[in-house]
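In: sequence and predicted model, in that order:
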Amino acid sequence: MALIVQKFGGTSVGSIERIEAVADRIAKHHASGDQLIVVVSAMSGETNRLIGLASEISDEPCPRELDMLVSTGEQVSMALLAMSLQKRGVDAISLKGSQVAIKTDSFHSKARIKDIDSTRLHAELSAGKVVIVAGFQGVDDQGETTTLGRGGSDTSAVALAAAVNAAECQIYTDVDGVYTTDPRVVDGAKRLDSITFEEMLEMASMGSKVLHLRSVEFAGKYGIPVRVLSSFKDGPGTLISVDEDNLMEAPTIAGIAFNRDEAKLTMVGVPDTPGIAYQILGPIGEANIEVDVILQNVGDEGKTDFTFTVSRNDLSRAEAILETHISELGAMEWRSDSKIAKVSVVGVGMRSHAGVAATMFRALSEVGVNMQMISTSEIKISVIIEEKFLELAVRALHSAFGLDADEAGDTDA
Ligand code: ADP
Ligand code: ASP
Ligand code: MG
């Protein structure tokens, strides 16, 4: 008998029919004797619908009320799934984040989990129940409802798995595992049997939304084995392995990630003096805006250009900051561009293989894609390009690194 945490994403609980199918799967598994905690997302499209309703009322709705609103999506699916299990004679109970309790900080819409009380969970499991928990939500010290950021139900699941010391955390979604790149963009993408935790972390942080970034962080920190599986068909899925046992045989590149959510800002003609980067990025950081790629050109006659990227959501705030600081920075002008995207190649095998950058740059040049900025780490290379070339670039890199499936029949996402 094992204790397993399972998470079902939006598409997997997207209709009554699908909720019933999930209930069948859980009922069967529960009958085998395992203890199950099941985390659910809102029905697909529901979180967007709720955010849309709020935006009809206000451009900047009160963060507390927005969390009160969007957290309802998960509560609908958890109750429906509990009813569906009860109909099958399975004892089940649904719990909100506050009932568990999943304690978070107070940053509405991007709260972080601080602690999970497992007392109630263990009590319900010992009573033989399947415990269904609303994903994406928690409660702060004042008892206020918080949410964990878009895609955050993955993080709820892995954090719960850590709290109860589960044998495995299974993330059921609409693809049958982690692929070499988004199978919706590249037909020939291949499912990976396993991917190292480090690679998955890099893939998620570079924009592969198959797993929420913080869920991967939790998995690594607490050594929780995570498996990504399809809720529609049986298969081995992809294991996120915490140990890099067969590094020797690791392919150079595990996968290609991309992110459209980027915008670029350039300060033109700033003085090429010590401290200039700090003067530009200091106020950006104080406004809690995360900076991603940074580029400072070689100075010319004491002046230089300074470019950095931020998330598109933060662009207008970043622009306002540059506008107020432009004169004191001694810059001639500033520019912004939101039609950019970032493509990254990721792989622990890069550590022992030279020439990855050359292969990447050649592949992009062959399809005529210009790189605007480049950033590297030990296991990834990212480039900023024009957004309209994104899919072209991802496909070119996928084949340049030999990731394309040999046969079209090889994939079945
Ligand atoms: P859920 O609602 O189950 O959380 P998501 O939409 O958040 O599902 O994540 C699954 C989606 O992630 C897939 O449908 C796929 O389009 C996308 N995706 C992006 N990159 C990858 C990748 N490397 N492997 C698999 N899926 C990916
Ligand atoms: N329902 C939330 C969202 O759409 C959380 C999740 O699905 O993980 O972002
Ligand atoms: Mg998701």
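Out: Structure's in. What do you need? Ligands and ions are numbered 1, 2, ... in the order given.

In: distance between stretch 206-223 and the chain's centre?
Out: 7 Å (Cα atoms, centre = their mean, to the nearest Å).

In: likewise stretch 151-160?
Out: Its chain's average C-alpha position is 11 Å from that of stretch 151-160, according to Cα atoms, centre = their mean.

In: need phi/psi at the residue lying closest to V139 once chain neighbours are set aside.
Out: Counting by Cβ to Cβ, 6 or more residues apart in numbering, the nearest residue to V139 once its immediate chain neighbours are dropped is S98, at 3.8 Å. For every residue, glycine as well, the C-beta is placed using N, CA and C. Main-chain dihedrals, S98, degrees, to the nearest 10: phi -70, psi -30.

In: what's the local residue count around S98?
Out: Neighbour count of S98, defined by other Cβ atoms under 10 Å: 18.

In: pull up the gap between Q6 and I113, please.
Out: Q6 sits 18 Å away from I113, taking Cβ to Cβ, to the nearest Å as the criterion.

In: comparing these two, which shows the higher neighbour count?
Out: A direct count of neighbours by other Cβ under 10 Å for Q6 and I113 places Q6 higher, at 27 against 23.

In: how about the secondary structure of that one?
Out: strand (DSSP: H, G, I helix; E, B strand; the rest coil).

In: which residues in the stretch 101-250 of the chain form strands?
Out: Secondary structure of the stretch 101-250 of the chain (DSSP state E, counting those that start in this stretch): strands located at 102-104, 113-116, 130-134, 137-139, 145-147, 168-173, 194-196, 226-230, 238-241.

In: any idea which of the ones you listed gets closest to ligand 2?
Out: Proximity to ligand 2 (Cβ to the nearest ligand atom) singles out strand 145-147 among the strands of the stretch 101-250 of the chain, at 7.6 Å.

In: around ligand 1, pick out the residues from the stretch 201-350 of the chain.
Out: Applying Cβ under 6 Å from any ligand atom, one finds that the stretch 201-350 of the chain approaches ligand 1 through 208-210, 255.

In: neighbour-wise, which of the residues you listed leads?
Out: G255 (27 neighbours).

In: under the pLDDT cut-off, which ranges of the stretch 101-250 of the chain? List them.
Out: Within the stretch 101-250 of the chain, the stretches with pLDDT under 70 are 243-250.

In: which positions in it make contact with ligand 2?
Out: 135-136, 150-153.

In: 5 Å instead?
Out: Contact residues (Cβ under 5 Å from any ligand atom) of the stretch 101-250 of the chain with ligand 2: 136, 150-151, 153.

In: can you check the pLDDT for the residue lying farthest from the centre of the chain?
Out: When distances are taken from the C-alpha mean of the chain, E301 lies farthest, 43.1 Å away, according to Cα atoms, centre = their mean. The confidence metric pLDDT takes the value 83 at E301.

In: same deal with the one 4 residues further on?
Out: Each residue has a pLDDT score; the one for D305 is 90.

In: what is the neighbour count of the closest residue to it other than its chain neighbours?
Out: Distances taken as Cβ to Cβ, 6+ apart place N297 nearest to D305, at 4.7 Å, with adjacent residues excluded. As a burial measure, N297 scores 13 neighbours (other Cβ under 10 Å).

In: ok and the residue in the stretch 101-250 of the chain nearest ligand 2?
Out: Nearest residue of the stretch 101-250 of the chain to ligand 2: S153, at 3.2 Å (Cβ to the nearest ligand atom).

In: one step back: taking the residues of the stretch 201-350 of the chain next to ligand 1 together, which two end up most distant?
Out: Using Cβ to Cβ, the two most remote members of those are K209 and G255, lying 13.1 Å apart.

In: may I have the beta-bridge partners of F306?
Out: With DSSP bridges applied, F306 shows beta-bridge pairing to M267, Q296.

In: distance check, it against V268.
Out: 8 Å.

In: of the two, who's got more company?
Out: F306 (23 against 16).

In: from ligand 2, how far out is that one?
Out: From F306 over to ligand 2 the distance is 34 Å, taken as Cβ to the nearest ligand atom, to the nearest Å.

In: spatially nearest residue to E199, not counting backbone neighbours?
Out: A254 (4.5 Å).

In: pLDDT wise, what is that neighbour at?
Out: Value listed for A254 in the pLDDT field: 92.

In: please apply the same query to W334.
Out: pLDDT, W334: 88.

In: so what's the residue count around it?
Out: For W334, using other Cβ under 10 Å, the count is 21.

In: so what's it up against?
Out: Each residue near W334 by Cβ atoms under 8 Å, 6 or more residues apart in numbering is listed here: 265-268, 319, 322-323, 326.

In: who does whichever helix or strand it is part of pair up with?
Out: Per DSSP states H and E, W334 falls inside strand 333-346. Strand pairing for strand 333-346, determined by DSSP bridges: strand 255-271 (antiparallel), strand 380-386 (antiparallel).

In: following the chain onward from that strand, which element is next?
Out: helix 356-366.
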